[in-house]
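[1] Following is a predicted model, sequence given first.
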Amino acid sequence: MWHTLKYLLIGPPLPTRELEGKRLNKIRALAAFSPDALSSIAYANQEIYLGLVVAGSAGLALTMPIGVAITLLLVLVAFSYFQTIHAYPSGGGSYIVALENLGTLPGLVAGAALMIGYLLTAAVSLTAAVAAIASAFPVLWPYRVPLALLFLMIITLANLRGIRESGTLMAVPVYFFVVTYLGMLAYGALRLLIEGPGVPTLPAPPPRVPLSLGLILNAFASGCTALTGIEAISNGVPVFRPPESKNAGQTLLVMALLMGLLFVGSVGLTQEFSVVADGEETILSALAHRILGNSLAYYIIQLATMLILTVAANTSFAGFPRLTAVLAEAGFVPRQLRNLGERLVYTNGIMLLALATGLLIVLFGGDTHALVPLFAVGVFSAFTLSQAGMVVHWWRERGAGWLWKLVLNGIGALATGLTVLIVGVSKFVAGAWITIVLVPLLVVMFLRIRQYYKEVREQLSLREYPPMTKIPSAPRIVIPISGVHRGIFDAVAYARSISQDVTAVYVAIDPEQATHTRETWERWFPDVPLVIVPSPYRAVLKPLLDYLDQTDQEHNDGQLATVVVPELVPPRWWQGVFHNQTALLLKAALLYRRRRLGYQRAIIDVPYHLRSGSQPPAQAD
């Protein structure tokens, strides 16, 4: 039943030979990698508005200048990543560039910042999607957390199905949003030319704080979230169809052009129409209301915004698993994250991102505004390290046109580095401190994990290891039993097949039961000795472990006794709660015990599968 449900949700396994066939063309790739970048206007515009509205009309008048400044930054970052795509076609983006050109620590800082950025991008996109639809249907505001989790589940399942399936699923919302939103902006610009700005629907609220440089920088820092997702294509170059770099670069330029049009267009119309949001309504919803009124077209725009924001999380699901796979290949994160799953995707990375995103949504109550300050620092730190790394790259390579490329990346590094400082200072108290603390903690974790893998390699290495010349003697066998029943017969038979020195051990809690067990044992296994170990304090594991240590010391034969564990296996997994699980606990206790007397103990598990009531009993041979 589980396999049927699994195949229904994510599809049957795919052979490795189909990996090449799972590559994306530019149409699907734009849909898979661009939703975050294109939809970021929703929360970026909202954050600019919230940052400036506290200064009243004087603050809102700066919406367009701040939007232009952010757009210029967008152009710099886009061209920087365009160069990165061609210089590093294997993917990895900021992490690879910083690692190869600046060193291990800067590379890990970039990797940690990107991981946090992807995680927060998913959470922000999904909560903003709920805010978009709740602006049109206010009755949904109390349910924003469960709705965000529902959207998260849909996106997770789509990505578990595979690259092509997720790209196809994302294509409809992405292009639906682009067409409808560009159409609305064009219609709004036409109305502005013909009718003029008209009368504002709502007056600008009175200023609560005076306009200041700090307030302007805070709004700029908030609006810089419009650039999130632009690096995703550089991380996913290998999934493009050949020629990978050319197709990825063209897709990046198209994405950046659409980002600029949507961002500048929406910011400009918001300022020209003097749009002010009412209550919990988002600023983009208020803009759509101002242009389209309360018509069906308004609800179509809100639906398109919700859909693009929902699938915007797909940018994180496209980039995060690949980034962690690259880190895992180098030994900085658990190796399981580099494994391709049955559907030729990094299943473990997808599940890790989904669980962490869900946790963030719950912890922050589905509040986009509370989440935004956390991820701008991480995103722009990665941008800065990537562009600084490209400066070093061009200096070393010195190929055709290297000087202007170096200058472009240098300007970009300075601009994004300055943005990091602005965001870090202006948003520190609001939540940026969490990212600032998390990044070095993640770097320390990366280094500790790599050190662990290094120690494991050294201990498993065959270098200078002497050849095996001594044939080990036959093992001494100890069989712990809970009683005399069919479940132990296979274990006893197996033990006797590999050794003549077999001893059964019974931990006695009830003396009368111990006597009965001995009598039954001697009737069935008269030639196998049974040792009764009393347990006056009713413990089972400790008396048994003490007995093993004692018998090993007494024999002193150059080995530890091999423990053959009989284990009952119920027909249904959930029926395990009806058993004491003593065998499982014993195996765990033996497995994680360090060596005794300089030797390692072998543990052999012999299962006895219980049948369900409808199955006929097994016939003995």
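    Sure, I can see it. Residues are numbered from 1 along each chain as shown.

[2] domain parsing for the protein?
    2-453, 477-609 (automatic domain parsing).

[3] Now tell me which of those domains the model trusts least on average.
    The stretch with the lowest mean pLDDT among the domains of the chain is domain 2-453, at a mean of 85.

[4] And the residue nearest the centre of this structure?
    residue 353 (2.0 Å; Cα atoms, centre = their mean).

[5] Is that residue located within a helix, as I assumed?
    Yes - with DSSP: H, G, I helix; E, B strand; the rest coil as the criterion, residue 353 is located in a helix.

[6] can you pull the contacts of it?
    118-119, 122, 316-317, 320-321 (Cβ atoms under 8 Å, 6 or more residues apart in numbering). Heads up, the C-betas are built off the backbone N, CA and C, glycines and all.

[7] Format the residues you listed as a markdown table; extra columns: secondary structure.
    Output for those, formatted as a markdown table (three-state DSSP):
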| residue | secondary structure |
| --- | --- |
| 118 | helix |
| 119 | helix |
| 122 | helix |
| 316 | helix |
| 317 | helix |
| 320 | helix |
| 321 | helix |
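
[8] Nearest to residue 464 among the domains of the chain would be which one?
    Counting by Cβ to Cβ, residue 464 lies closest to domain 477-609 out of those; the figure is 19.1 Å.

[9] And the helices in the stretch 151-300 of the chain?
    Using DSSP state H, counting those that start in this stretch, the helices of the stretch 151-300 of the chain run over 163-195, 213-223, 232-235, 244-272, 283-292, 296-329.

[10] buried stuff in the last one?
    Using 16 or more other Cβ atoms under 10 Å as the test for burial, helix 296-329 gives 297-298, 300-328.

[11] so how far does stretch 45-62 reach from one end to the other?
    End-to-end distance of stretch 45-62 (Cα to Cα, to the nearest Å): 12 Å.

[12] same deal with stretch 356-373?
    End residues of stretch 356-373 are separated by 18 Å (Cα to Cα).

[13] what's it in contact with?
    The contact list for stretch 356-373 (Cβ under 8 Å, 6+ apart) reads 43, 46-47, 50, 119-120, 122-124, 126-128, 130-131, 144-145, 147-149, 152, 222, 225, 313, 316, 427, 430-432.

[14] For stretch 521-539, what is the distance to the chain centroid?
    51 Å (Cα atoms, centre = their mean, to the nearest Å).

[15] Output it in CSV with nothing but the alpha carbons.
    Presented in CSV, the C-alpha positions along stretch 521-539 are these (Å, rounded to 0.1, in the frame of the first residue of the first chain):
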residue,chain,number,x,y,z
TRP,A,521,15.0,-25.6,28.0
GLU,A,522,16.5,-28.9,29.2
ARG,A,523,13.7,-30.8,27.7
TRP,A,524,14.2,-29.2,24.2
PHE,A,525,17.9,-28.4,24.2
PRO,A,526,19.6,-30.9,26.6
ASP,A,527,23.0,-30.5,25.1
VAL,A,528,23.1,-26.6,25.2
PRO,A,529,23.9,-25.1,28.6
LEU,A,530,21.6,-22.5,30.0
VAL,A,531,22.9,-19.8,32.5
ILE,A,532,20.3,-18.1,34.7
VAL,A,533,21.4,-14.6,35.7
PRO,A,534,19.4,-13.2,38.6
SER,A,535,18.1,-9.6,38.4
PRO,A,536,17.0,-8.5,41.9
TYR,A,537,16.3,-4.9,40.5
ARG,A,538,14.3,-6.2,37.5
ALA,A,539,16.7,-4.8,34.9
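
[16] Just the buried residues of that stretch, please?
    So for stretch 521-539, counting by 16+ other Cβ under 10 Å, buried means 521, 525, 528, 530, 532-533, 535.

[17] and what of stretch 425-432?
    Buried-residue list, stretch 425-432, by 16+ other Cβ under 10 Å: 426-427, 430-432.

[18] okay, among those residues, which ones form the most distant pair?
    Across the buried residues of stretch 425-432 (Cβ to Cβ), the longest gap, 11.4 Å, separates 426 and 431.

[19] Need the residues touching each of these two.
    Joint contacts of residue 426 and residue 431 (Cβ under 8 Å, 6+ apart) do not exist.

[20] Can you show me the strands along the protein?
    477-481, 502-508, 530-534, 562-569, 603-609 (DSSP state E).

[21] Would you reformat these as JSON lines and include distance to residue 406?
    Shown next, in JSON lines, are the strands of the chain (distance: least, Cβ to Cβ, whole Å):
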{"stretch": "strand 477-481", "distance to residue 406": "70"}
{"stretch": "strand 502-508", "distance to residue 406": "74"}
{"stretch": "strand 530-534", "distance to residue 406": "76"}
{"stretch": "strand 562-569", "distance to residue 406": "65"}
{"stretch": "strand 603-609", "distance to residue 406": "61"}
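
[22] I'm done for today, thanks for sticking with me.
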